[in-house]
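Visitor: Pasted the sequence and its predicted model underneath.
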Amino acid sequence: MAGIGFEIRKLLRKESYTGLLQAYAYAGIISSGPWVLSIIGILVIGLMSAAVVVPNVLITQFQVSVTYLMVTSLIFTGAVQLAFTRYIADRLFEKKDDLVLPNFNGVLLAIMASGGVLALLAVVFMFPQQSDIYRVLMVAGFVELCGIWVATIFLSGMKLYKEIVQLFALGYAITVVSAYVLRPLGMEGLLFGFVLGHFVLFTGMILMTLRDYPSSRFISFDFARRGAMFPTLIATGLIYNLGIWADKLLFWFNADTSHAVIGPLRASVIYDMPIFLAYLAIIPGMAVFLVRIETDFVEYYTKFYDAVREGGSLDYIEQMRDEMVFTIRQGIYEIIKIQSMAVLVVFVAGPTLLDFLGISQLYLSLLYVDVVAASLQVVLLGLLNIFFYLDKRAEVLLLTTLFLVLNVAFTSMTLLAGAPFYGYGFALSLLATVLVTMLILDGKLQRLEYETFMLQ
C-alpha cells in the first residue's frame, strides 16, 4: 500500500508528540480536504456576494443549485465508482498498467455522455422559466462533476491523495476568484465561476492520469464486457450514495419541512444547516480512521495474505489474523473515542456556534442529534472498509441496503411524528446498521482462515 501509508508511517517513526500530531493532521487534510474545501468555497462565494447580488435570494438559489448538482452527480456516478476502481486495481495487480488509461477514458466518456443527455432533458422540461444561460451552466456543471467524482474515486484508489487535495485547492481557489469577479452578473455569474473552477479541477485530474498511466491506446471499453466489473460493487456504490442522501431528499421534498427555491429544487431550512455543521465535526474521526487503516491494519493484513499465498505456517497465519483483529478493534475504539470527544465539544460549544452564525437556538437539539449521527457514519465507513479489504462484497451490499431501507423508513416516521423527532431517523438507521455490521464482522473474522482457504 503506497502513498499516504508511507507518509504517515514516516511521521509516526519520529516517536514524538509532534510526529503524532503531524500524522493525524496530514490524515485529516487528506481524508476530508476535498470535501471541506468544496463546502467552504461555496459558503465563501455566498458571503462575498451578499453585498453585490440583489436580492439575496439569488445567493440561495445559487447554493441550492450547486447542492443539487453535487447530490445528483454523486448518485448518478455511484454505480461505477467502486466497481471501476476495483476493475483498475485488478488490472494493476495483473501488471497490465497499459489498460488503465484507455479504460479510464472509456468510463469517463460513457458517464459524461449519458449524464449530459439526462441533464439536458432535465433542464429543458424541468426548468422552463429559467434563463438559457442558467440551463447551459447547470448541464455543464453536472457533466463536470460526474467526471470529477469518477476521477476522484479512481485517483484515491491509486493512493494519489495529496495530489487530489492540491487539485481541489486550486480548483476551488479559481472558483471563488471567478465568482467574486463575476458576481455583479447575478446568479449566472456565480454559477459560471463554479463551472470554470471545476473545469480546471477536472482538467488537472485528466493530466495527472495521462502522466502516471501512459498507454499506446487512447480509449477502450473493456470494463463494460460481461463479468469485467462486479455487479455487487455496482449496486453497492449506487445504494450507499442513495442511503447517505435519503433523509436529506425526504426533508427537501416534504411540504412541511421545505420551501421552493428555483424551478423544482427545494431546500429545508430546518434540516440543512444543522446537518452541515454536524458533518464538520467528523474530521477528527476521519483522520483516525485513515491513520489506523493505512498503518496498523494494512501491515498485518498484508502479512496475513502474503503468508497464505507463500505457504506460511499455520501458527504464523493465525498470529497475523489475531493481530489483524486486534488492530481492527483498536481502530474502531479510537474512532469512537475521538468522535465522542468531538460530540462533547459540539454539545458544549453548540449554543455559542449557533449565535456566531446567526442561527436560532431552536436548531440546537437537531444539531446534537445530527452530530451523533455523523459520528456513527464515520464508524460505519471504517467497518465497511474492513469488509472491502476482506473482499466481502455481498456483505457490504447487504449492509448498505439495510442502511438505505432503515434511513427511508425511520426518517419517514420522524417526519410524521413532528419537529421534536427530526434527525432521529438518520441517527437510528446508522446505529442499527453499525451494530449489525459489527456482529457480522466479528463472525467473519472468527472464520477468516476457513473462508480464506476453503471458499476459494
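Guide: Everything's here; your move. The shown structure was predicted, so the numbers you read here are calculated from the model rather than taken from an experiment.
Visitor: which parts of stretch 131-145 are buried?
Guide: Residues 134-145 are the ones in stretch 131-145 that count as buried (16 or more other Cβ atoms under 10 Å). C-betas here are computed from N, CA, C, even on glycine.
Visitor: what's the answer for stretch 108-117, then?
Guide: By neighbour count on 16+ other Cβ under 10 Å, the buried set for stretch 108-117 is 108, 111-112, 115.
Visitor: Just the ones of these in helices?
Guide: 108, 111-112, 115 (DSSP state H).
Visitor: wait, what's in contact with the residue of the chain most remote from its centre?
Guide: Residue farthest from the centre of the chain, counting by Cα atoms, centre = their mean, is Ser313 at 39.6 Å. Residues in contact with Ser313 (Cβ atoms under 8 Å, 6 or more residues apart in numbering) are Ala307.
Visitor: got the phi/psi numbers for it?
Guide: Here the main-chain torsion angles of Ser313 (degrees, to the nearest 10) amount to phi -70, psi 160.
Visitor: okay if I get the ones in helices among the buried residues of stretch 108-117 as JSON lines plus distance to Pro102 and pLDDT?
Guide: JSON lines is the format used below for those (distance: Cβ to Cβ, whole Å; pLDDT from 0 to 100):
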{"residue": "Leu108", "distance to Pro102": "11", "pLDDT": "92"}
{"residue": "Ile111", "distance to Pro102": "15", "pLDDT": "94"}
{"residue": "Met112", "distance to Pro102": "16", "pLDDT": "94"}
{"residue": "Gly115", "distance to Pro102": "20", "pLDDT": "94"}
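Visitor: now the residues you listed as JSON lines including distance to Ala151?
Guide: As requested, those are exported to JSON lines (distance: Cβ to Cβ, whole Å):
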{"residue": "Leu108", "distance to Ala151": "7"}
{"residue": "Ile111", "distance to Ala151": "10"}
{"residue": "Met112", "distance to Ala151": "11"}
{"residue": "Gly115", "distance to Ala151": "14"}
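Visitor: okay, stretch 62-71 in CSV with CA atoms only?
Guide: These are the backbone C-alpha positions of stretch 62-71, laid out as CSV (Å, rounded to 0.1, in the frame of the first residue of the first chain):
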residue,chain,number,x,y,z
PHE,A,62,-27.0,29.5,-6.5
GLN,A,63,-26.1,27.5,-3.4
VAL,A,64,-29.1,25.2,-3.7
SER,A,65,-28.4,24.7,-7.4
VAL,A,66,-24.9,23.7,-6.7
THR,A,67,-26.0,21.4,-3.9
TYR,A,68,-28.4,19.5,-6.2
LEU,A,69,-25.7,19.3,-8.8
MET,A,70,-23.4,17.6,-6.3
VAL,A,71,-26.1,15.3,-4.9
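Visitor: so how far is the longest helix seen in the chain from its chain's centroid?
Guide: Using DSSP H to assign secondary structure, the helix with the most residues in the chain is helix 314-356. Distance of helix 314-356 from the chain centroid (Cα atoms, centre = their mean, to the nearest Å) equals 19 Å.
Visitor: Show me what it is packed against.
Guide: helix 269-280, helix 283-292, helix 298-310, helix 364-389, helix 424-446, helix 448-454 (3 or more Cβ pairs under 8 Å, 6 or more residues apart in numbering; DSSP states H and E).
Visitor: Does anything pack onto the last one? Which helices or strands?
Guide: Secondary structure elements in contact with helix 448-454, counted by 3+ Cβ pairs under 8 Å, 6+ apart, are helix 298-310, helix 314-356.
Visitor: OK, contacts around Leu383?
Guide: So Leu383 contacts 332, 434, 437-438, 441 (Cβ under 8 Å, 6+ apart).
Visitor: Buried members of those into ChimeraX, please.
Guide: Buried subset of the contacts of Leu383, written as a ChimeraX selection, criterion 16+ other Cβ under 10 Å:
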select :332,434,437,441
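Visitor: could the contacts of Leu383 be laid out in CSV, adding distance to Leu121 and pLDDT?
Guide: Formatted as CSV, those follow (distance: Cβ to Cβ, whole Å; pLDDT from 0 to 100):
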residue, distance to Leu121, pLDDT
Ile332, 44, 84
Val434, 39, 95
Thr437, 38, 95
Met438, 43, 93
Leu441, 42, 91
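Visitor: For the contacts of Leu383, give me JSON lines that also has distance to Leu367.
Guide: Supplementary listing: the contacts of Leu383 in JSON lines, determined by distance: Cβ to Cβ, whole Å:
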{"residue": "Ile332", "distance to Leu367": "25"}
{"residue": "Val434", "distance to Leu367": "21"}
{"residue": "Thr437", "distance to Leu367": "26"}
{"residue": "Met438", "distance to Leu367": "27"}
{"residue": "Leu441", "distance to Leu367": "30"}
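Visitor: helix/strand/coil for the closest residue to Phe253 other than its chain neighbours?
Guide: Among residues not flanking Phe253 along the chain, Arg266 sits closest, at 6.1 Å (Cβ to Cβ, 6 or more residues apart in numbering). What DSSP: H, G, I helix; E, B strand; the rest coil gives for Arg266 is strand.
Visitor: Local confidence estimate at Arg266?
Guide: Arg266 carries a pLDDT value of 91.
Visitor: Contact partners for it?
Guide: 64, 252-253, 258-260.
Visitor: let's see it at 7 Å
Guide: For Arg266, the contacting residues are 252-253, 258-260, by Cβ atoms under 7 Å, 6 or more residues apart in numbering.
Visitor: Please apply the same query to Met138.
Guide: Per Cβ under 7 Å, 6+ apart, neighbours of Met138: 65, 69, 119, 123.
Visitor: Report the separation between the residue lying closest to Phe127 once chain neighbours are set aside and Ala246.
Guide: Among residues not flanking Phe127 along the chain, Gly263 sits closest, at 4.4 Å (Cβ to Cβ, 6+ apart). According to Cβ to Cβ, to the nearest Å, Gly263 and Ala246 sit 22 Å apart.
Visitor: Comparing the two, which residue is more hemmed in?
Guide: Ranked by neighbour count (other Cβ atoms under 10 Å), Gly263 and Ala246 place Ala246 first, with 24 against 20.
Visitor: follow-up on the earlier one: from the buried residues of stretch 131-145, pick the one nearest Pro420.
Guide: Leu145 (35.9 Å; Cβ to Cβ).
Visitor: now the strand or helix carrying that closest one: mean pLDDT?
Guide: Here Leu145, judged by DSSP states H and E, is contained in helix 132-157. Across helix 132-157, the average pLDDT comes to 88.
Visitor: Give me the number of neighbouring residues for Gln330.
Guide: 13.
Visitor: Repeat that for Leu344.
Guide: 11.
Visitor: which ones are touching it?
Guide: Residues near Leu344 by Cβ under 7 Å, 6+ apart: none.
Visitor: How is the chain divided into domains?
Guide: 4-229, 276-447 (automatic domain parsing).
Visitor: Alright, calling it a day.
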